[in-house]
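**Student:** Give me a model of this one.
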Amino acid sequence: MAPNYPGFSSSLRSFGEACKLLAGTAILGLCQTTAAFACTFANAIVMDTAAASISGGGCSEAWPDCTIQCDYPDPFSLGPPPLPPSNDDPCGATALTVDPDMACTAGTPSTLANATQSPVPGSPCAGNPDDDVWFKFTATGPTHYVFLNNVVGNVTDLVLGVYSGSCGSLTNIRCIHALNFSVTDLIPGTPYWVRVFSYPYNSGATTTFDVCVTTPPPSPLCGEMYYDDGGSAGHYFDNTDVATTICPSTPGGVVSLVFSSFHLDFSDEFAVFDGNSTAAPFMNAYYGNGSPGTLTATNPTGCLTVAFYSDGDENYAGWAAQVTCSEPLPVELIALEATTNYPVIDITWETATERDSHYFTVERSPDNVTFTPIGTVAAAGNTQFPKNYQFVDEIPIWGVNYYRLEQVDINGATTRTRTVVAVLSFPDDQPSIYPNPASDVLSVAFPGPLDISVKLVVLDPLGRSSAATMTDALPGQRTAQIPVEQLAPGWYTLRIERKDGGLLKSSVFLKN
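**Tutor:** Residues are numbered from 1 along each chain as shown. Next up is the predicted model:
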């Protein structure tokens, strides 16, 4: 005979212990295993998960009772069925503590035992959420990781989801049939819900586990190391979909990533963008164990953005990269040009801003290898506004001229610019004189190297010789000079003659 409980009555039936109950009262029956039974006014409904059967029972308002027959006589006991867990629905969600790092030290224990389905739709998550339990955390940053640790039961059949909204109106952000994942684009200070249930389409799971919410480290700074989410010693995590933007510490600087190790699964991806978001121009994507080497930003922000994706398959040691940052230039150069203005070449440049700039040295080269200073121009010092500069090369090289600037700041630090090119040639293949007017020396430029000796003769307005010089032919020589500083100011004629007296050209010039 089964024991009696207040409000219950029991009687013996031919096939074993039977219990006669008041209608609408729930009991706990143990027929080898635990079974939960309930009776309604409309009909005799038995919810049993053990070997039990209905041997009779007429539930009605007139005689509200039913009879439950257990097929196994011993042992059999009566009592109330187990209650669902307190976090059986979103409004009763268990509060989670967010770990400030990836260590996962604040795990919260929980179970699916006796859980029932909440009113939140299962879609888009896979599986049957008939035993879901709920948790709640407040985001401390834009990205968090959610882990299910210390799982006892069916490890491979848990579904994990994260939701936003309110407990009565939730929207799924991400869900996965796995034990961990990353969730991004969170709003710090905003509450979010975590849902856990078993995948199979049958009830009765008793799986236990710990829930943990972790925080990835902030983007590395200049001089620091950049590791995957597993850190310097561990492998990266599965089911990660996270973007990391790394920017220079000082505006105007440029970030470089110098990799010392790199190993991913071929189904995982390390994508790099040249800018401060994944909307920036795509640079490259890396897989497997081929190192990216050194990656350097080329955009105005100086930033690089890495989008890392991993699936639920294998994972490896990930990567380690040194973050280096070049300091911003004292001068932001936005234009540099060299223009032939026969017989001289004008070098012009423009700066957008200047910081502690002292002066510019203009350098010239005939071969883009060996450069020689040919003049200096004072800089603005400090300015946040565009400024234009010009330097005139009055004695350029015939043919190709390469120019560059050396910017010198107040502390003596120097920076060189890119190279620009200008070509000096004769517009009519005739010798040309410069400068005009002349003060000390009058120069003659020839269209090609001198292969004969030439004579330069200066005539006054009356046609009398005022100065003369002979220039011998030298290998590669294209110019000749005649001193004119002794001449009185006024107009003169320069005759360029061959050694035999034949006239090559005659030009008028002004002596200052």
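
**Student:** which residues sit against stretch 221-235?
**Tutor:** The contact list for stretch 221-235, computed with C-beta atoms under 8 Å, 6 or more residues apart in numbering, reads 102, 145, 182, 216, 220, 236-237, 240, 242, 244, 246, 248-249, 253, 255, 257, 308, 315-325. Glycine gets a C-beta too; all of them are placed from N, C-alpha and C.

**Student:** Separate out the buried members of those.
**Tutor:** 102, 145, 182, 216, 220, 236-237, 240, 242, 244, 246, 248, 253, 255, 257, 308, 315-325 (16 or more other C-beta atoms under 10 Å).

**Student:** which residues sit in contact with V323?
**Tutor:** Residues near V323 by C-beta under 8 Å, 6+ apart: P220, L221, C222, G223, E224, M225, Y226, I246, V255, S256, L257.

**Student:** now do 7 Å
**Tutor:** P220, L221, C222, G223, E224, Y226, I246, V255, L257 (C-beta atoms under 7 Å, 6 or more residues apart in numbering).

**Student:** Look up the closest residue to it, ignoring the ones flanking it.
**Tutor:** Nearest non-adjacent residue to V323, counting by C-beta to C-beta, 6 or more residues apart in numbering: P220, 4.9 Å away.

**Student:** what's the answer for N289, then?
**Tutor:** H263 (4.5 Å).

**Student:** how close does W319 get to H263?
**Tutor:** Note on W319: its distance to H263, by C-beta to C-beta, to the nearest Å, is 7 Å.

**Student:** Can you give me the buried ones in the helix or strand containing W193?
**Tutor:** Following DSSP states H and E, one finds W193 within strand 191-198. If you call a residue buried by 16+ other C-beta under 10 Å, then strand 191-198 has these buried ones: P191, Y192, W193, V194, R195, V196, F197, S198.

**Student:** could I get these as JSON lines with pLDDT and distance to A93?
**Tutor:** Converted to JSON lines, these look like this (pLDDT from 0 to 100; distance: C-beta to C-beta, whole Å):
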{"residue": "P191", "pLDDT": "98", "distance to A93": "9"}
{"residue": "Y192", "pLDDT": "99", "distance to A93": "10"}
{"residue": "W193", "pLDDT": "99", "distance to A93": "6"}
{"residue": "V194", "pLDDT": "98", "distance to A93": "8"}
{"residue": "R195", "pLDDT": "98", "distance to A93": "9"}
{"residue": "V196", "pLDDT": "97", "distance to A93": "11"}
{"residue": "F197", "pLDDT": "95", "distance to A93": "14"}
{"residue": "S198", "pLDDT": "93", "distance to A93": "18"}
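
**Student:** Listing partners with orientation, what would you give for the host helix or strand of G165?
**Tutor:** Taking DSSP H and E as the definition, G165 sits inside strand 158-166. Take DSSP bridges as the rule and strand 158-166 pairs in its sheet with strand 169-176 (antiparallel), strand 191-198 (antiparallel).

**Student:** Could I get the ones you listed in TSV, plus columns for distance to V159?
**Tutor:** Listed next are these as TSV, based on distance: least, C-beta to C-beta, whole Å:
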stretch	distance to V159
strand 169-176	6
strand 191-198	5
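
**Student:** Among the buried ones among the contacts of stretch 221-235, which are located in strands?
**Tutor:** Among the buried ones among the contacts of stretch 221-235, the residues falling in strands (DSSP state E) are 145, 182, 242, 244, 246, 255, 257, 308, 318-325.

**Student:** Between the residues you listed, which sits nearest G204?
**Tutor:** Y145 (30.0 Å; C-beta to C-beta).

**Student:** How about the contacts made by the residue nearest to that closest one when sequence neighbours are not counted?
**Tutor:** The shortest distance from Y145 to any non-neighbouring residue, by C-beta to C-beta, 6+ apart, is to T214 (4.6 Å). Applying C-beta under 7 Å, 6+ apart, we find T214 in contact with D99, D101, M102, C104, H144, Y145, F147.

**Student:** If we use 10 Å, what do you get?
**Tutor:** 98-106, 143-147, 180, 182, 229, 237 (C-beta atoms under 10 Å, 6 or more residues apart in numbering).
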